[in-house]
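Trainee: any chance you could fold what I've pasted below:
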Amino acid sequence: MLKHILQSRGHFSWIFAGLLGAIGCSQNFSDQEPAAAMAERGFTPRSTTPSNMTPAYPSGRVSGRQVLGPLSAVAPEGWVPQQPSSSMRVAQYGLPGPAGEATLGIFFFGPRQGGSVEANIERWYGQFTQADGQPAQGRRWTRQVGAIEITGVDVSGTFSAGMAMGDSEPQPGYRMLGAIAVDRSGTVFFKMTGPAQTVAQWAASFDEFLGSLQAGSADP
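Mentor: The predicted structure follows:
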């Protein structure tokens, strides 16, 4: 008799364990995708992307800032983001105006790449000529934004980008606001060109843009 009772109890224990397992499974089951199911229960899925696959200089926007190679900045209102026209540009903006659109191209060629400040300024000046055909004379300035040293130029005249820039047609009545931002993490080049009247309209916002520069992509 005792043996029969013990066997019955053992059989009942197996049935009870099975019922508990079924209930537990039914509570954890979800017909959603894994990430959604985890979020439903308050869990945050971890990325499986290896850390060594993260790019050194990401592109696009991070926390409201525009990533520009090793630097970042906040684009002023009214600037129109565009698809960069060449692989050398990390960002590009269209700046509308009554005299025609101006363009701001932003370049980063890599650490310790892109040439010296003096060589680039000399080249920029060489792209403009006065009405008499003589080289244009521009205004040069310097500015410090945190640890970033900025050298800028303001030059006007007939603009010839040259074949290397894909536009060999001279453009009279043009103006360029250029800036070279040097940081220990790299050098970024800014070049706004377009009809003088349009560039004048956006000159203050260009200064504002440069003032928002910082190393990296995080908000201050």
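Trainee: whichever helix or strand Ala179 is part of pairs with which strands, parallel or anti?
Mentor: For Ala179, the element it lies in under DSSP states H and E is strand 171-183. Paired neighbours of strand 171-183 in the sheet (DSSP bridges): strand 148-159 (antiparallel), strand 186-195 (antiparallel).
Trainee: just name the most buried of these.
Mentor: By mean neighbour count, with neighbours taken as mean count of other CB atoms under 10 Å, strand 186-195 ranks first of those at a mean of 23. All C-beta spots, glycine's among them, are computed from the backbone N, C-alpha and C.
Trainee: domain map for this structure?
Mentor: As assigned by automatic domain parsing, the chain contains the domains 2-40, 57-215.
Trainee: for Arg175, list the residues it contacts.
Mentor: For Arg175, the contacting residues are 154-156, 193-196, 199-200, by CB atoms under 8 Å, 6 or more residues apart in numbering.
Trainee: any chance of JSON lines for those, columns pLDDT and distance to Gly69?
Mentor: Below are the contacts of Arg175 laid out as JSON lines (pLDDT from 0 to 100; distance: CB to CB, whole Å):
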{"residue": "Asp154", "pLDDT": "98", "distance to Gly69": "23"}
{"residue": "Val155", "pLDDT": "97", "distance to Gly69": "24"}
{"residue": "Ser156", "pLDDT": "96", "distance to Gly69": "28"}
{"residue": "Thr193", "pLDDT": "97", "distance to Gly69": "20"}
{"residue": "Gly194", "pLDDT": "97", "distance to Gly69": "23"}
{"residue": "Pro195", "pLDDT": "98", "distance to Gly69": "28"}
{"residue": "Ala196", "pLDDT": "97", "distance to Gly69": "29"}
{"residue": "Val199", "pLDDT": "98", "distance to Gly69": "24"}
{"residue": "Ala200", "pLDDT": "97", "distance to Gly69": "28"}
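Trainee: Glu80 contacts Gln92, doesn't it?
Mentor: Quick fix: residue 80 reads Val, not Glu. No: Val80 is beyond contact range of Gln92, at 9.5 Å (criterion: CB atoms under 8 Å).
Trainee: more neighbours, the two?
Mentor: Ranked by neighbour count (other CB atoms under 10 Å), Val80 and Gln92 place Gln92 first, with 17 against 13.
Trainee: got the contact list for that one?
Mentor: Contact analysis of Gln92 by CB under 8 Å, 6+ apart lists 81-85, 103-106.
Trainee: mind running it again at 10 Å?
Mentor: Applying CB atoms under 10 Å, 6 or more residues apart in numbering, we find Gln92 in contact with 80-86, 103-107.
Trainee: got the contact list for Phe209?
Mentor: Each residue near Phe209 by CB under 10 Å, 6+ apart is listed here: 66, 73-76, 79, 93, 104, 106, 179, 190, 192, 202.
Trainee: and Pro172, how close does it get to Pro81?
Mentor: Distance, Pro172 to Pro81, by CB to CB, to the nearest Å: 28 Å.
Trainee: let me fix that: Pro111
Mentor: Pro111 is 25 Å from Pro81, where distance means CB to CB.
Trainee: could you verify my assumption that Tyr125 touches Gln137?
Mentor: Yes: Tyr125 is within contact range of Gln137, at 7.9 Å (criterion: CB atoms under 10 Å).
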